[in-house]
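>>> coordinates only, sequence not included:
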């Protein structure tokens with residue numbers, strides 16, 4: 001066999017190996033990146049004293065906080081605000097996004113204000129919200145929603161507007177009424193856009209929850225985090241941060257599974 005033939009044969013075997021073991025290769029790369037990050041963290045943790053503790057110290061502090069600290073009670077408080085925020089984001093974002101796409105009058109009346117709010121730093125609105133609505137639960141929900149609703153709202157709007165005209169024409173040719181048009185064309189086409197926005201909103205709702213708790217009557221996980229910063233306990237702060245990040249990763253993973261179930265055809269088509 002010539003050198004060129006051996007090279008092509010090796011490349012073919014390598015390509016087949018990558019195709020067969022693609023999932024394991026991605027998992028290995030992910031695991032190696034995490035190990036590298038943790039190694040750097042552990043090394044740097046011994047260089048900054050109390051300002052930045054090693055990974056092992058952080059995990060030990062996290063374990064203690066989970067057993068007898070304020071972490072789980074704080075999570076229970078924040079979970080209520082997070083759940084209400086995400087539910088409002090999905091309900092209002094999907095509904096309003098479809099209305100903006102399907103009604104030119106509604107779009108002309110409200111869309112400019114939506115983009116104004118999207119471009120406005122939400123933190124600057126917190127004083128106005130607190131003055132107008134106080135520091136109660138509803139005010140925190142409003143701030144959290146303003147931070148996290150826009151990926152769903154804009155994604156659904158643009159998805160509904162991008163439906164090819166041919167799809168609508170075919171539905172009209174077959175005599176589809178409005179209900180059938182929504183069921184057979186609009187909803188299936190918009191679902192991937194909605195799920196992409198929802199996955200982003202899952203993480204942003206966590207951010208919105210913490211911001212709302214920070215600036216409006218701190219409680220929940222934000223209060224636990226503030227407790228650590230007040231006494232300059234970096235192990236405490238890093239432990240809470242890891243805990244919040246882990247929850248966010250799990251929630252986004254759940255969103256990914258739901259997306260795969262609802263739009264199985266897209267993952268089948270693109271791999």
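On my side now, so go ahead. Quantities reported herein were computed from a predicted structural model and do not represent experimental measurements.
>>> what number of residues are in the vicinity of residue 48?
For residue 48, the neighbour count with other CB atoms under 10 Å is 11. C-betas here are computed from N, CA, C, even on glycine.
>>> before we move on, what about residue 113?
Neighbour count for residue 113, taken as other CB under 10 Å: 9.
>>> in the strand or helix carrying it, which residues are buried?
Assessed by DSSP states H and E, residue 113 sits inside helix 104-119. Buried residues in helix 104-119, defined by neighbour count with 16 or more other CB atoms under 10 Å: 107, 114.
>>> after it comes which helix or strand?
Once the chain leaves helix 104-119, the next helix or strand it forms, by DSSP H and E, is helix 126-133.
>>> tell me what that following helix is packed against?
Applying 3 or more CB pairs under 8 Å, 6 or more residues apart in numbering; DSSP states H and E, one finds that helix 126-133 contacts helix 137-148.
>>> what does the helix it packs on contact?
Contact with helix 137-148 is made by 81-82, 84-86, 88-89, 92, 117, 122, 125-126, 129-130, 133, 201, 204-205, 207-209, 211-213, 215-217, as judged by CB atoms under 8 Å, 6 or more residues apart in numbering.
>>> over to stretch 216-229?
Contacts with stretch 216-229, where a contact means CB under 8 Å, 6+ apart, come from 69-71, 74-75, 77-78, 81, 126, 129-130, 135-136, 139-140, 143, 209-210, 213-214, 234, 236-237, 239-241, 243-244.
>>> report the distance from it to the chain centre.
Centre-to-centre, stretch 216-229 and its host chain are 22 Å apart (CA atoms, centre = their mean, to the nearest Å).
>>> can you pull the buried residues of it?
Judged by neighbour count using 16+ other CB under 10 Å, the buried positions of stretch 216-229 are 216-225, 227-228.
>>> going by distance to residue 158, which of these wins?
Of all those, residue 158 sits closest to residue 216, with 31.6 Å by CB to CB.
>>> against residue 117, how distant is the closest one?
18 Å (CB to CB, to the nearest Å).
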